[in-house]
Each structure stands twice: as structure tokens, then as C-alpha cells.
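with the sequence up front, the predicted model follows.
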Amino acid sequence: MTTGGGPDLEISRAWLVDPAAGREGPGEIVVRDGILTAVTWLSGADADGIGPEGVVVAPGFIDLHTHLREPGNEDAETVASGLAAAAHGGFTTICAMPNTSPALDEPSVYVRIMGAADASGSPVELLAHGAVTVGRAGEQLAAMGELADVGVVGFSDDGSPVRSAPVFRAALAYAGALGLPIVEHAEESSLTKDAEANDGYVATVLGLRGWPVAAELTAVARALAILGDVVLDEPGARLHLTHVSTAVSLDLIRLARERGLPVTCDVTPHHFAMSDDWVAGARRWAWEAVDGTGIARDPWADGALVAPPYSTSVRVNPPLRAAEDAVACLTAVADGVADAIATDHAPHTEVDKAVEFGAAATGISGLETALGVALAAVDADRLPLLRAIEALTVGPARVLGDRTRRAGSVGLVEGAPADLVVFDRTERWTVTTDALLSRGKNTPLLGMDLAGRVLLTMAAGRIAYEAPDA
Ligand SMILES: [Zn+2]
């Protein structure tokens, strides 16, 4: 099937989704030598029987928030295994977070991981955020100018917030002058010391120490207040709040945007689809865990518990919240307050999770299940398909500005190298340790079926992933 410089491909009678054009419908695509040469929208009798519930072709996804564990913890993930997982999940661009060991706080670490990406042979585009502070210690600004020169797409101390408010203020101004966003993990750490699970009914019943909503809300408020101050001096300042998990934080962000502040945000699939009743052992989607008035139901009274409690696979930072908060996160994706769905892919070794709940490493391996979780919301009529794809493509591209080769043209663009994902919504697949290409097998979805098996991912005109039997 390969000729010349790249692969050839023809897909007829599929459902095309082109969020850049705000369009979806029946169509066909042709790829020649890796170039998307024809995108044909079908109508009338030609379109008969083609619907959005079958084979879908969409632009390749962009993840703003991926943890690769190289350098420092290659047992959990390497650059190569992370890129393979990305392609399996339909992602053609990912942004690595800088909390490696050593941290990506100076150019040599950036050069090292980009070298690993080249050596992997993967066509998936690897971008990276640089650390805000030296060693992510929160005290002294990293060499932000040098990091910008080598090509970082933003700055973040993720894993932690930027601890000091004056340092955060200086970082916003400096990054703004460089044309880059600060990607903030909003957590007031003084309120989360020894915290284990979302502060609420489930944590109380399980005897876990509470992780308050206020820890996120106060950090979001601090960040927005400082942003409002900084933009007066540095109009280029931009703030991106990542993995927002609570309704009140989203309310505050909505208000800030209405007032014109340059703030964007993302939510994760686990925060919009899972709630803290998963810690108790429930495995129902968040929208199934609220009653008709939107109030979280009692998982014990409902008989919703199907797994053992205290599974460390659901220990994550920020924690899985009450179902009302999860539904608010999903609503934010649907109405656009959340610009992007970001995975916060956080692979861990088995040993780092095989401990008691409160001592377990935080995070979920998420690149390969993000699409399936989003489609669960689509199937439940909680999220339009076009909007889900937009939040995986155009939305994150907007946050990145022109820093990806595809930003601004995240669509099915004729004449460009093919950068797309093909998935079949009629096919379900079972999440197993063998099915996941990531070294991180830490997901509470193990054993569950997800819709939308990825058949093919093409990045930069090359095949990044192809299902074995496709
Ligand atoms: Zn984080």
C-alpha cells in the first residue's frame, strides 16, 4: 500500500469531522504519498446510510498535558512508549510536562528528550513545556528565555503549583514577553497536606483524609487575580489552567473570560467522566451518578459498588470529585469554557501503585482511553461529537498558538500531509494491560469496554498506528 514518499489510503463512506470548518457529515478522503489529496463531502443518495455512529475520520488529536517519564523513570514510560501510546489513542501531537528527573528546566534536557523522540522513529509530534522554576522548587525562575529559544511551548511546574505568588507573577510577565503561556496546576498545597480523596461524603465514609475543593478554588483565584494585575504591564501574558476539577473554579474562569482576561483551561477525561464514588468501588459514569436534579447519588444506597474500595488506580491529583463537579467539567467542555480535553497521562509502575491508597503515586494512564471516555459522553447525549473532537484538536491548538506544525489548520485540509485519526464507533474494545501500549497500566478502566476503536492514526503523512486487523 506504500508508494513513493508516503502511504496511500482511500476511505469511502465515512463520517468526516472537521472542527476547523465547524463541519461534520458523510464523505470520503484520499491520501497519496502521505498527502491528503482529496476531501469529498457527500450528499443526496451518495450519503445514504452514512451516519456519525460508524467509521469517523477526524484530524489527529493534540494533548496539552502528557507525562513521559524519561529521563528518570523509564520503567514507567519512555519517550518512545509514550509516543506509541499517543498514536494508539489517536493523538498526533503531545506536550510533555517537565516534571522528569532531572526536570526540564534547562535546554540540555529538552535536547535529550527531543533526541529520544527522533530515535523512536515515531511521526507523532513531541512538544514540551519547560519548568517555571529551577528544579520545580518554586523559588528561582528557570532559564525561561533559553528554554523558549530551543522551542518549549509553555512553562509549568506541574505536579506542583508555582509556590510563591511573587515568583508566579514574575513568571507570567516573563513568559508573556516570550509569547508563551504559564500552564498552572492550581493547588494550594497548605490545604492538601496528607490529603487522600475529595473532601466529601465518600471520603468520610471510607475514612480518607479530605482534599478540599477550596484548595483548587483559592489557587485559581490567586492565579486569576495576579493575571489581572500582570496584563496591565505585559499584555502578552497568558494563563492556562490545567486539569480543572470543580464547578466553582469553572465558574470563576467563566467570569474571568467574560471580563476579558487571557485565560484558557482544560479538563481531563477522568474528571468529567468519573466521580469520587469510584474510590468507593462504583464504576458508573459521572452523569449516571447524579439524580434528576443534578445531585450526586449515594453509591452505597444505589447498590452501585462493583469493585473493591480504595483502588489506587483512582488516586489522582486533583482527586476525582463529587459527581456534580464532574458533570460541571463535562458541561464546560460542551459549552466551550474548557478550551481543551487534556489527558494528564500519568503512567506509573505497578510498584508505585501497589501500596495503601494515601501513599500511592497519583495519576491515571490516559492517552489511550481519552477518546473512548469522550465517546461515552457523546453516546449518552451529554456532548456533541463535533464539540468533543474540537476539544481534542482546535481547542488545544488555540492554546498552543502557532507552536505546532498544525495549529491554525487543524482540519481535514487538502494538500497538507495527512494528520488524522480513523476510528469505528461501532467497535468496542476492552481495556487490558496488553491492549495498552503505554508502560503505565494504571487505569481504573481495566476490564471495561470502550467505544471507538482506533483503526488508523496518521501523523505528518506517515502511519503512526494501525490496528493489527484493520
Ligand atoms: Zn498537575
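Happy to help now that I have it. Everything numeric here is computed off the predicted structure, so don't read it as measured data.

just the helices in the protein please.
79-88, 107-120, 144-150, 165-177, 201-206, 213-233, 247-258, 269-273, 277-280, 323-335, 350-353, 370-379, 385-392, 394-400 (DSSP state H).

ok, whichever residue of the stretch 201-350 of the chain sits closest to the ion - contacts?
Nearest residue of the stretch 201-350 of the chain to the ion: residue 243, at 5.4 Å (Cβ to the ion). In this view, the C-beta of every residue, glycine as well, is placed from N, C-alpha and C. By Cβ atoms under 8 Å, 6 or more residues apart in numbering, residue 243 lies in contact with 65, 185, 266-268, 271, 318, 342, 344.

can you tell me which of the residues you listed has the most neighbours?
Neighbours here mean other Cβ atoms under 10 Å. Within the contacts of residue 243, the largest count is held by residue 342, at 32 neighbours.

isn't that one right up against residue 399?
No: counting by Cβ atoms under 8 Å, residue 399 is not a contact partner of residue 342; they are 9.0 Å apart.

mutual contacts of the two, please.
Joint contacts of residue 342 and residue 399 (Cβ under 8 Å, 6+ apart) are 64, 266.

contacts for stretch 285-304, please.
Under Cβ under 8 Å, 6+ apart, the answer for stretch 285-304 is 201-202, 205, 272-275, 277, 280-282, 284, 305, 322-324, 326-327, 330, 376-377, 380, 382.

quick one, what contacts the residue in the stretch 51-200 of the chain positioned nearest to the ion?
Residue of the stretch 51-200 of the chain nearest the ion, by Cβ to the ion: residue 185 (3.6 Å). In this structure, residue 185 makes contact with 156-161, 242-243, judged by Cβ under 8 Å, 6+ apart.

of all the residues you listed, which comes closest to residue 179?
The closest of the contacts of residue 185 to residue 179 turns out to be residue 156 (Cβ to Cβ; 15.8 Å).

could you find the closest non-adjacent residue to that closest one?
residue 183 (3.8 Å; Cβ to Cβ, 6 or more residues apart in numbering).

who in the stretch 101-250 of the chain is up against the ion?
For the stretch 101-250 of the chain, the residues in contact with the ion (Cβ under 5 Å from the ion) are 158, 185.

swap in 8 Å and give it another go.
Selection of the stretch 101-250 of the chain residues close to the ion by Cβ under 8 Å from the ion yields 158-160, 185, 187, 242-243.

okay, and which of those residues map to strands?
The strands, defined by DSSP state E, take in 185, 242 from those.

as CSV, the residues of the stretch 101-250 of the chain next to the ion with distance to residue 27 and pLDDT would be great.
Shown next, in CSV, are those (distance: Cβ to Cβ, whole Å; pLDDT from 0 to 100):
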residue, distance to residue 27, pLDDT
158, 38, 94
159, 42, 90
160, 45, 92
185, 40, 97
187, 44, 97
242, 34, 98
243, 34, 98
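
re the thing from before, what pairs with the residue nearest to residue 156 across the strands?
residue 240 (DSSP bridges).

flag the shaky bits of this protein, pLDDT-wise.
Low-confidence segments of the chain (pLDDT under 70): 1-5, 405-408.

what number of residues lie near the closest residue to residue 317 other than its chain neighbours?
Closest residue to residue 317 apart from its sequence neighbours, by Cβ to Cβ, 6+ apart: residue 362 at 4.0 Å. Using other Cβ under 10 Å, residue 362 has 17 other residues around it.

what residues does the stretch 301-450 of the chain put near the ion?
317-318, 344.

closest to residue 77 among those residues?
residue 344 (13.2 Å).

contacting residues for the residue nearest to the spatial centre of the chain?
In the chain, the centroid-proximal residue (Cα atoms, centre = their mean) is residue 342; its distance is 1.6 Å. For residue 342, the contacting residues are 63-65, 242-243, 266-268, 396, by Cβ under 8 Å, 6+ apart.

and residue 54, by the same measure?
14-15, 424-426.

could you export these as a markdown table, including neighbour count?
Listed next are these as a markdown table, based on neighbours: other Cβ atoms under 10 Å:
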| residue | neighbour count |
| --- | --- |
| 14 | 19 |
| 15 | 20 |
| 424 | 19 |
| 425 | 19 |
| 426 | 10 |
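
list the buried residues for stretch 24-43?
24, 26-32, 34-37, 39, 41-42 (16 or more other Cβ atoms under 10 Å).

now for residue 19, how many residues are close by?
Residue 19, neighbours per other Cβ under 10 Å, totals 24.

I meant to write residue 410 there.
28.

hmm, it is touching residue 58, no?
No: using Cβ under 8 Å, residue 410 makes no contact with residue 58, being 9.8 Å away.

any shared contact partners between these two?
Both residue 410 and residue 58 are in contact with 19, 393, where contact means Cβ under 8 Å, 6+ apart.

for residue 42, give me phi and psi.
The phi/psi pair for residue 42 (degrees, to the nearest 10) reads phi -100, psi 150.

show me the contacts for the residue nearest to it when sequence neighbours are not counted.
Sequence neighbours aside, residue 26 is the residue nearest to residue 42 in space, at 4.3 Å (criterion: Cβ to Cβ, 6+ apart). Neighbouring residues of residue 26 by Cβ under 8 Å, 6+ apart: 13-16, 41-43, 46-47, 50-51.

give me the subset of those touching the ion.
Okay, of the contacts of residue 26, nothing touches the ion (Cβ under 8 Å from the ion).

and stretch 243-252, what's buried?
Neighbour-count burial for stretch 243-252 [16+ other Cβ under 10 Å]: 243-247, 249-250, 252.

and if you look at stretch 307-325?
Neighbour-count burial for stretch 307-325 flags 307, 309-325 (criterion: 16+ other Cβ under 10 Å).

and for stretch 225-243?
Buried, per 16+ other Cβ under 10 Å, within stretch 225-243: 226-228, 230-231, 236-243.

report the two of those residues separated the most.
236 and 243 (24.2 Å).

the ion versus residue 411, what's the distance?
Distance, residue 411 to the ion, using Cβ to the ion, to the nearest Å: 30 Å.

OK, contacts around the residue nearest to residue 317?
315-317, 346.

also residue 365?
85, 345-348, 436, 438, 440-443.

would you mind listing which of these are buried?
85, 345-348, 436, 438, 440-443.

and stretch 58-74, how far out from the chain's middle?
Mean C-alpha position of stretch 58-74 versus that of the full chain (Cα atoms, centre = their mean, to the nearest Å) differs by 9 Å.

so for that stretch, first residue to last residue, what's the gap.
Taking Cα to Cα, to the nearest Å, stretch 58-74 runs 32 Å from one end to the other.

show me which positions of that stretch end up buried.
Under 16+ other Cβ under 10 Å, the buried positions of stretch 58-74 are 58-71, 73.
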